[in-house]
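>>> model the following, please.
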Amino acid sequence: MPLCGLIFTQWRFIVLFYSFLEQICHISPQNNRQLRRWRSPCSCVGERCARRSTKLEFVSASTREGGLQEASTCLETGSWVVIYGTLPSKKENVIYLSNHQCTVDWIIADMLAIRQRALGHVRYVLKDGLKWLPLYGWYFSQHGGIYVKRSAKFSEEAMTNKLQQQIKSGAPIYLVIFPEGTRYNPDYPQVIAASQAYARKEGLPELRHVMSPRVKAMRIAINTLRCRLDAVYDITVVYEGAVKNNGQRETAPSMPEFLCRECPKIHIYFDRVNVKEIPEETIFMKRWLHERFEIKDKLLTDFYEADDEQKRHKFPGEGRHSQLSLMRTLPSLLFLCCLTVPMLATETGRKIYMKTWLYGTLIGWLWVNISP
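Purely as a prediction, here's the structure:
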C-alpha cells in the first residue's frame, strides 16, 4: 500500500474504532443492570476532559413492532446512540439526506453505513473549501467525493460528470448530502434569519430548527443516479447535550467535545423514501425537499419544545435493540493497526510519515485544482 494510503486509512480507522468499542462494550438486555466506569484518555484535549470520568450505563430498549430503536454505548465517548425507524439490514444504493450541525454528522453517516456493510462505499458532497484539507482533500476527491460551490459558482456539469464516473465504475452508491449548505448554529442568528428570508422569498414556510435546503446538488444527484438508486435515506440527528437548562438549543458538539463525552445521547431518526416518490422537475423537487425539511423541523420542535414532558427529548416511534457483529470491524481494525503502528514506531518511519504529509499535501492541492 502506498505511504499516502496509510494516512488515508486513518479516517476509516476512526470509524472502525468507534464501532469496535461500541461492540465490546455491548451488554445484552438480560444484563442491563450492569454499570461500569472508565477514565478518559483524552486529557490532552483539555483540563475539563481530564477531570471527568464517564459512567457507562448499559441499557436495553424494549422490543415492539413498528420500528427500531437502538440504545448502544460508545466507550470512547460515553454517548448513547439511539436510532428510530427501520434501518434495512441489506445494502442499498442510496442518497443519504441529513440536517447538518457539526463535523460529527460525518461520523453519523458512517455509523449507519457500517450496519449495512456499506462503509467503504460512502461518498460525500462537500463544500469547495474542504478540498484544501491536508491530504484528505485530495483523498475525498479520489474516493468519489464531490466538491461544490454555493450559488452562482455551482458547476452542474462538474458534479454530473463525477456522478457519471461512479455509475460507469459500477461501484455501489452511498452518497451523503447535507442540503442546507452550511451548519445550523444558534450562535449565528443572522445566518438563520437569512435562511428564513430565503424561504419567504421563494414562497416556502420558514423553518426554525433547520436551515432552508438548497435543491441544486440534490436534484443533480437524484436525476443522474435515478437509474441506480433504491431509495433516499432521510436522516434527522439530535445531539441531546446541546440544550440549555431553560430548554433553549445550544451549538452542537465539536469533534473534540464529542470525543470528550460532552454529548450524553445521539438521537437519529431514520426514514426511507422510495426514489419513485421523488419528482424529477426542479420546481416540484424543490417543494418536495423543503417538505422533507419541514418534517425535520417539526420533529426537532417537538424534541426540544413539546408541551408534554414525556414526549420531550426523544423522537416518535418505538422499536428494538440492535447489535453489530464483532467480526464486521475487528479484522479491519487489526489490519489498519498493523499498517500504521510499525511505521510510527521507528524514527525513519516517522520522518517518512511526516514528509508524506507535507509533500503529499502540496501535490494533492495541485491535483484537486487541476482535476477536481
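>>> doesn't Thr236 belong to a strand?
Yes - counting by DSSP: H, G, I helix; E, B strand; the rest coil, Thr236 is part of a strand.
>>> and the residue lying closest to it once chain neighbours are set aside, its phi and psi?
Excluding the flanking residues, the one nearest Thr236 by CB to CB, 6 or more residues apart in numbering is Tyr269, at 4.1 Å. The way it works is simple: take the backbone N, C-alpha and C, and place the C-beta from them, glycine included. Per-residue torsions, Tyr269: phi -100, psi 120 (degrees, to the nearest 10).
>>> just the helices from the chain, written as ranges.
3-24, 47-51, 104-114, 136-142, 156-169, 189-201, 216-225, 255-259, 282-305, 330-344, 347-370 (DSSP state H).
>>> now the ones you listed as JSON lines including mean pLDDT, distance to Lys149 and mean neighbour count?
Shown next, in JSON lines, are the helices of the chain (pLDDT from 0 to 100; distance: least, CB to CB, whole Å; neighbours: other CB atoms under 10 Å):
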{"stretch": "helix 3-24", "mean pLDDT": "50", "distance to Lys149": "23", "mean neighbour count": "18"}
{"stretch": "helix 47-51", "mean pLDDT": "38", "distance to Lys149": "36", "mean neighbour count": "12"}
{"stretch": "helix 104-114", "mean pLDDT": "90", "distance to Lys149": "20", "mean neighbour count": "21"}
{"stretch": "helix 136-142", "mean pLDDT": "86", "distance to Lys149": "14", "mean neighbour count": "20"}
{"stretch": "helix 156-169", "mean pLDDT": "91", "distance to Lys149": "9", "mean neighbour count": "14"}
{"stretch": "helix 189-201", "mean pLDDT": "95", "distance to Lys149": "17", "mean neighbour count": "13"}
{"stretch": "helix 216-225", "mean pLDDT": "95", "distance to Lys149": "10", "mean neighbour count": "20"}
{"stretch": "helix 255-259", "mean pLDDT": "82", "distance to Lys149": "24", "mean neighbour count": "19"}
{"stretch": "helix 282-305", "mean pLDDT": "95", "distance to Lys149": "19", "mean neighbour count": "17"}
{"stretch": "helix 330-344", "mean pLDDT": "84", "distance to Lys149": "33", "mean neighbour count": "14"}
{"stretch": "helix 347-370", "mean pLDDT": "87", "distance to Lys149": "13", "mean neighbour count": "14"}
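>>> could you dump the ones you listed into a markdown table and include distance to Lys311?
Formatted as a markdown table, the helices of the chain follow (distance: least, CB to CB, whole Å):
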| stretch | distance to Lys311 |
| --- | --- |
| helix 3-24 | 27 |
| helix 47-51 | 32 |
| helix 104-114 | 23 |
| helix 136-142 | 39 |
| helix 156-169 | 40 |
| helix 189-201 | 24 |
| helix 216-225 | 30 |
| helix 255-259 | 26 |
| helix 282-305 | 6 |
| helix 330-344 | 39 |
| helix 347-370 | 46 |
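>>> what's the separation between the closest residue to Asn185 other than its chain neighbours and Ser195?
Nearest residue to Asn185, sequence neighbours excluded (CB to CB, 6+ apart): Thr251, at 5.6 Å. In this view, Thr251 and Ser195 are 16 Å apart by CB to CB, to the nearest Å.
>>> before we move on, what about Lys127?
16 Å.
>>> out of the helices of the chain, the one nearest Arg123 is which?
helix 156-169 (7.2 Å; CB to CB).
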